[in-house]
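Next one to model:
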Amino acid sequence: MTPAVLGLVLFASVAHALWNIAAKSVSGKGYAFVLAYHGLSAILLAPIAIWLLVSGTHAFSLGLLGAAALSAVFHIAYSVSLQSGYDHAPLGVVYPTARGVGPIITIIIAVLFLGERPTAPETIGAFIVLAGIAVVTVHPRRVGGGRTTNGGYGKSRGHGMSRGHGMSSHGVGRGLAWGALIGTFIASYTLWDDFSVNHITDSPLLYFALSEICVATIMAVGIVTIPGGAGRRADFTSILAGHKRALLTVAILSPLAYLLVLYAMQQAPVSLVAPVRETSIIVGTLLAWWFFGEKNIGMKLTGAVVVVAGIGLIALG
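Numbering: from 1, shown residues only. Next up is the predicted model:
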């Protein structure tokens, strides 16, 4: 991996961690918020996609549209499960678990279906990642055996993660479960998007713009047709009125972060890009402590460093 590509991926990691913090600040309106920020991203990217097509720089095809639509399905599943995970478990558990599990699932799929054979360092790295996740989620018992309220992950009404609360084992378990699910979707869209930008199109920008338009369209139909749509439409209105800063932050930083990754995947193997981008775990862990007061920062940071060391071995292998 060249220094330029490495710089792209590291910058994407910081942007990724920042937009996840912004997403965490919007609680209880998962589907509506995901629709809102993907919709705004689609609006911002649509003129670029139109220009690329009209100018003749890149050609449109049904294969490109189909690839973008499948990518949209994977990203919707990822985004909705991510927002739901942040509503029900600590960011400091969900985030590193999801970002650590994704590369491991990618390796498993590559071995079982793509005929790849991981080297010894990659295999050791996978186990180190799992060990790091365990360290992140382990927490000492509170003095006096006290438990937190609201499911044990310190969520205060209207303020996300409140300072001064610990996490119950139930909250940690939910964080692990959500993180594993999210990690599965991360592996899915990573593998598919890597294939798409290397075999279907040479324009990550056009591909991602079409994918975002598909995401916004599918979710807009869903908010009308899926049961409970009235409540989600009310949530959507409240997000537009009361969460403008978080909405704008995610709508800009999320596509920026992933576009950089797509360009990197055209210049370096996905087995290198995917692990390196997980350096966002370190940033996310620190920000979870700073913004939401999640406890045991020393343990979490140690575990996060272990995770990064593991995925580093995966990359070097």
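
Which helix or strand in this protein has the lowest average pLDDT?
helix 280-292 (a mean of 75; mean pLDDT, DSSP states H and E).

now what about it, what contacts it?
Helix 280-292 has contacts (Cβ atoms under 8 Å, 6 or more residues apart in numbering) with 12-14, 16-18, 20-21, 24-25, 90-92, 95-96, 99-100, 136, 154, 160-163, 294, 297, 300-301, 304-305, 307-308. Using the backbone N, CA and C atoms, a C-beta is placed for each residue, glycine as well.

May I see the PyMOL selection of the buried members of the residues you listed?
Filtering the contacts of helix 280-292 down to the buried ones (16 or more other Cβ atoms under 10 Å) takes a single PyMOL command:
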select buried, resi 12+13+14+16+17+18+20+21+24+25+90+91+92+95+96+99+100+136+154+160+161+162+294+297+300+301+304+305+307+308
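
Just the contacts of helix 280-292: which are in helices?
Applying DSSP state H to the contacts of helix 280-292, the entries found in helices are 12-14, 16-18, 20-21, 24, 91-92, 95-96, 99-100, 136, 297, 300-301, 304-305, 307-308.

any idea of the mean pLDDT for the helix or strand hosting S81?
Assigned by DSSP states H and E, S81 belongs to helix 62-88. Taken as a whole, helix 62-88 has an average pLDDT of 91.

which parts of that helix are buried?
64, 67-88.

now the angle between helix 62-88 and the lengthiest helix in the chain, please.
Once the chain is assigned using DSSP H, the helix that runs over the most residues is helix 169-199. Angle, helix 169-199 to helix 62-88, by axes from the mean of the first three to the mean of the last three Cα atoms, to 10 degrees: 170 degrees.

Can you name the next helix or strand after helix 169-199?
Per DSSP H and E, the first helix or strand lying C-terminal to helix 169-199 is helix 204-225.

And that following helix, what's buried?
Quick answer for helix 204-225 (16+ other Cβ under 10 Å): 204-216, 218-219, 223.

The helix holding S81 packs against which elements?
Packed against helix 62-88 by the contact rule (3 or more Cβ pairs under 8 Å, 6 or more residues apart in numbering; DSSP states H and E) you find helix 3-24, helix 30-54, helix 91-113, helix 169-199, helix 204-225.

So which of these is nearest E122?
When these are compared by Cβ to Cβ, helix 91-113 sits nearest E122, at 6.6 Å.

Please work out the average pLDDT along the closest one.
Rounded mean pLDDT across helix 91-113 is 79.

where's T97 relative to P275, distance?
Relative to P275, T97 is positioned 15 Å away (Cβ to Cβ, to the nearest Å).

and if you look at I128?
11 Å.

the more surrounded of the two?
More crowded of I128 and P275, by other Cβ atoms under 10 Å: P275, with 29 against 21.

and the more buried one, what pLDDT?
Predicted confidence (pLDDT) for P275: 78.

mind listing what it touches?
With Cβ under 8 Å, 6+ apart, P275 has these contacts: P103, G125, I311, G312, I314, A315.

If you tally nearby residues, what's the number for L286?
Neighbours around L286, by other Cβ under 10 Å: 16.

likewise the one 4 residues further on?
Burial of W290, expressed as a neighbour count using other Cβ under 10 Å, amounts to 11.

Over to W192?
Count around W192 with other Cβ under 10 Å applied: 16.

Pretty sure it sits against S71.
Yes: W192 lies in contact with S71 (Cβ atoms under 8 Å); the separation is 5.9 Å.

picking up where we left off before, relative to helix 91-113, how tilted is the longest helix of the chain?
In terms of direction (the same axes, to 10 degrees), helix 169-199 departs from helix 91-113 by 50 degrees.

now helix 169-199 and helix 204-225, what's the angle there?
Using the same axes, to 10 degrees: helix 169-199 against helix 204-225 is 130 degrees.

tally of neighbours for the closest residue in space to G175 that isn't next to it in sequence?
Leaving aside its sequence neighbours, G175 sits nearest to V93 (Cβ to Cβ, 6 or more residues apart in numbering; 3.0 Å). Using other Cβ under 10 Å, the number of residues around V93 comes to 29.

One more: the one 10 residues further on?
When neighbours are counted by other Cβ under 10 Å, P103 registers 29.

repeat for P118
Other residues within reach of P118, judged by other Cβ under 10 Å, total 17.

Assumed it was part of a strand.
No: assessed with DSSP: H, G, I helix; E, B strand; the rest coil, P118 is coil; it does not lie in a strand.

wait, doesn't it sit right on A126?
Yes: if you go by Cβ under 8 Å, P118 and A126 touch, sitting 7.4 Å apart.
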